[in-house]
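Visitor: sequence-free structure coming up:
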């Protein structure tokens with residue numbers, strides 16, 4: 001059994017075939033998933049999916065590309081929804097210097113504020129970082145996230161960076177990027193990250209793994225990420241699937257049944 005720890009089944013790309021996508025995932029062994037909402041519409045859709053399907057959980061937060069629209073009203077609604085029983089983490093939050101929708105200072109302020117909320121509510125955090133790994137690390141370090149922990153979602157750094165985030169109490173989550181031929185840094189990290197700190201994900205509909213690269217990604221394809229990591233580490237497929245399954249349940253505080 002496989003747990004997709006970060007997917008966007010709430011994206012418009014899945015509007016027409018959510019039940020079929022979930023069934024295909026089951027056929028590939030992906031039986032649980034966390035659907036991530038990062039703005040008002042996607043948060044509501046994530047929460048609805050977690051109500052409709054017993055094996056779907058919600059991660060909700062305010063994405064760094066939306067930082068400029070974060071208000072007191074947004075925060076109040078977010079805090080209310082974070083108390084719902086199937087919400088398992090706050091995210092995805094962080095810094096995005098690639099799109100730069102808002103200045104670095106604004107992104108950092110909203111990032112720190114949401115970390116504070118997660119600490120108040122004792123929830124793990126899911127981290128988005130793009131072209132901003134050093135600043136992301138510095139903020140996580142300064143905010144002392146070790147007590148709540150969380151996920152470096154779709155990790156794209158090398159093992160040295162992975163180790164630094166592990167030292168802060170974070171888990172490292174690998175997406176389909178690990179299957180890309182030129183992603184040598186990510187493959188190095190996947191080969192060496194301790195198995196009790198590893199998660200797997202799709203980030204669907206984005207970042208489809210080989211052999212579906214360039215097509216719409218979907219939760220079932222987490223299987224190919226697990227297969228690649230097992231190949232890199234020269235261990236049975238079941239070993240990676242089992243460890244990442246246990247890790248997701250432990251981090252999210254949910255039953256394995």
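Guide: Alright, I've got the coordinates. Because the structure is a prediction, the values reported are computed rather than measured.
Visitor: so what does the one helix or strand residue 48 maps to touch, helix or strand wise?
Guide: Secondary structure from DSSP states H and E places residue 48 in helix 40-52. Secondary-structure packing of helix 40-52 (3 or more C-beta pairs under 8 Å, 6 or more residues apart in numbering; DSSP states H and E): strand 30-37, strand 56-60, helix 72-81. Every C-beta, even on glycine, is put in place using the N, C-alpha and C of the backbone.
Visitor: Note down every partner strand of the second one and its orientation.
Guide: The partner list of strand 56-60 in its sheet, established with DSSP bridges, is strand 30-37 (parallel), strand 87-96 (parallel).
Visitor: List the buried residues in the helix holding residue 48.
Guide: Across helix 40-52, burial judged by 16 or more other C-beta atoms under 10 Å covers 42-43, 45-47, 49-50.
Visitor: and of those residues, the nearest to residue 59?
Guide: Residue 59 has its nearest neighbour among the buried residues of helix 40-52 in residue 46, at 7.3 Å by C-beta to C-beta.
Visitor: Was I right to think the closest one contacts residue 61?
Guide: No. The criterion here is C-beta atoms under 8 Å, and residue 46 misses it with residue 61 at 10.3 Å.
Visitor: Quick check: neighbours shared by these two?
Guide: Common contacts of residue 46 and residue 61 (C-beta atoms under 8 Å, 6 or more residues apart in numbering): 36-37.
Visitor: Would you mark the buried spots in stretch 109-129?
Guide: Result for stretch 109-129 [16+ other C-beta under 10 Å]: buried residues 110-111, 114-115, 117-119, 123-129.
Visitor: quick check, nearest of these to residue 19?
Guide: Using C-beta to C-beta, these come closest to residue 19 at residue 126, 25.3 Å.
Visitor: Give me the secondary structure label for the closest one.
Guide: strand (DSSP: H, G, I helix; E, B strand; the rest coil).
Visitor: who's it bridged to?
Guide: Those that pair with residue 126 in a beta bridge, by DSSP bridges, are residue 91, residue 151.
Visitor: Please report the distance of it from residue 217.
Guide: 17 Å (C-beta to C-beta, to the nearest Å).
Visitor: swap in residue 250?
Guide: Distance from residue 250 to residue 217, by C-beta to C-beta: 26 Å.
Visitor: between the two, which one's more packed in?
Guide: residue 217 (24 against 13; other C-beta atoms under 10 Å).
Visitor: Report whether the expected contact of that one with residue 203 is present.
Guide: Yes. Here residue 217 lies in contact with residue 203, judged by C-beta under 8 Å, at a distance of 7.0 Å.
Visitor: Show me the common contact partners of the two, please.
Guide: Joint contacts of residue 217 and residue 203 (C-beta under 8 Å, 6+ apart) are residue 176.
Visitor: rewinding a little: what angle separates the helix holding residue 48 from helix 72-81?
Guide: For helix 40-52 against helix 72-81, the angle by axes from the mean of the first three to the mean of the last three C-alpha atoms, to 10 degrees is 10 degrees.
Visitor: quick one: contacts of helix 40-52?
Guide: 8-11, 18, 35-37, 56-60, 74, 78, 81, 84, 86-87.
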